[in-house]
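*Asks:* How does the following fold in three dimensions:
(one chain, ligands or ions: 1)
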Amino acid sequence: MNRVNKMYANGKVAVKDVNLTIQQGEFVSFVGPSGCGKSTIFKMISGLIDQTSGHVDILGKTPRDAQKESTDVAFVFQDATLLPWRSVIDNVMLPLEFRNIAHSEKKERAYKVLEMVGLKEYTKALPRELSGGMKMRVSIARALIAKPKLLLMDEPFGALDEITRQNLQSELLRIWENEKMTVLFITHNVFEAVYLSTKIAVMTPSPGKIESMVEVNLPFPRKAEIRTDPQFSSIVANVSHDLKF
Ligand SMILES: Nc1ncnc2c1ncn2[C@@H]1O[C@H](COP(=O)(O)OP(=O)(O)OP(=O)(O)O)[C@@H](O)[C@H]1O
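*Replies:* Next comes the predicted model:
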């Protein structure tokens, strides 16, 4: 993203002069108060809306072309948005529905991603039979089935209890390390951002901008104990400090 600005039709400047370069394979979190433009940035990256000025390049293409021509970009939202009448496996296969892939391969891929998120015993279950954490796992499996190069996650764990949240954070990191995709992750939780990320974009509102990019120089794989490491606390303190600008 190069000098990107977004002004909505009502004159609201949602993001101002955003410069952002993300290397393939990074895990970048966006933290900032409500209204600082995090979702606006995601909408521009995904081609849902256009920037007012500046340049956005996703994997060498415009966001709309990246969306249109391939399955390189996938999304996970806070609400798992599963179809209630479809079984877990049928929900997971949804992104491949209109693609010219043999049904047997679709199934094989679905089993693989469900195994990755620890749900291979639940392929035939209906969404209403699952807990909130399990629904989110299904949503992540559905995003992974098309083998995206870029995964956009908008507060995916915001509605989960703390234990489930921490379990899913560890699993997401394991999947990210294995699959080597790029993840962009919106969260309000500074601890979550530090645990997960290689870099954190700290955003401030009115107008929305990136106040700082904080590098998270903690080693991978990140064990749960890293959360009590002094270096972890010091990065949390840096991010919290920048948020208060
Ligand atoms: N379609 C729209 N028309 C006008 N203003 C909008 C529109 N969408 C968002 N905004 C405004 O742009 C600013 C940035 O909104 P955005 O949703 O990107 O923030 P956010 O950081 O994602 O917030 P939250 O954490 O609450 O989701 C806010 O002031 C919001 O009210």
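
*Asks:* Three-state assignment for the closest residue to N167 other than its chain neighbours, please.
*Replies:* Nearest residue to N167, sequence neighbours excluded (C-beta to C-beta, 6 or more residues apart in numbering): G133, at 7.2 Å. Placement of C-beta: from N, CA and C, glycine included. Of the three states, G133 takes helix according to DSSP: H, G, I helix; E, B strand; the rest coil.

*Asks:* Tally up the residues packed near G133, please.
*Replies:* 18 (other C-beta atoms under 10 Å).

*Asks:* how far away is it from the ligand?
*Replies:* Using C-beta to the nearest ligand atom, to the nearest Å, G133 is found at 22 Å from the ligand.

*Asks:* right, and that residue touches Q169 too?
*Replies:* No: counting by C-beta atoms under 8 Å, G133 stays clear of Q169, with 11.3 Å between them.

*Asks:* what sits against the residue nearest to N167?
*Replies:* L160, D161, T164, N167, L168 (C-beta atoms under 8 Å, 6 or more residues apart in numbering).

*Asks:* next one: A110
*Replies:* I89, V92, M93, T123, A141, I145.

*Asks:* Format those residues as JSON lines; extra columns: pLDDT.
*Replies:* Output for these, formatted as JSON lines (pLDDT from 0 to 100):
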{"residue": "I89", "pLDDT": "97"}
{"residue": "V92", "pLDDT": "97"}
{"residue": "M93", "pLDDT": "96"}
{"residue": "T123", "pLDDT": "97"}
{"residue": "A141", "pLDDT": "96"}
{"residue": "I145", "pLDDT": "95"}
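
*Asks:* Quick check: the farthest pair among those residues?
*Replies:* The most widely separated members of the contacts of A110, counting by C-beta to C-beta, are T123 and I145 (12.9 Å).

*Asks:* More neighbours: these two, which one.
*Replies:* I145 (21 against 16).

*Asks:* Over to the more buried one: give its phi and psi.
*Replies:* phi -60, psi -30 (degrees, to the nearest 10).

*Asks:* Would you confirm that it contacts L114?
*Replies:* No: with contact defined as C-beta under 8 Å, I145 does not reach L114; the gap is 9.1 Å.

*Asks:* what is in contact with these two at once?
*Replies:* Applying C-beta under 8 Å, 6+ apart, one finds that I145 and L114 are jointly contacted by V92.
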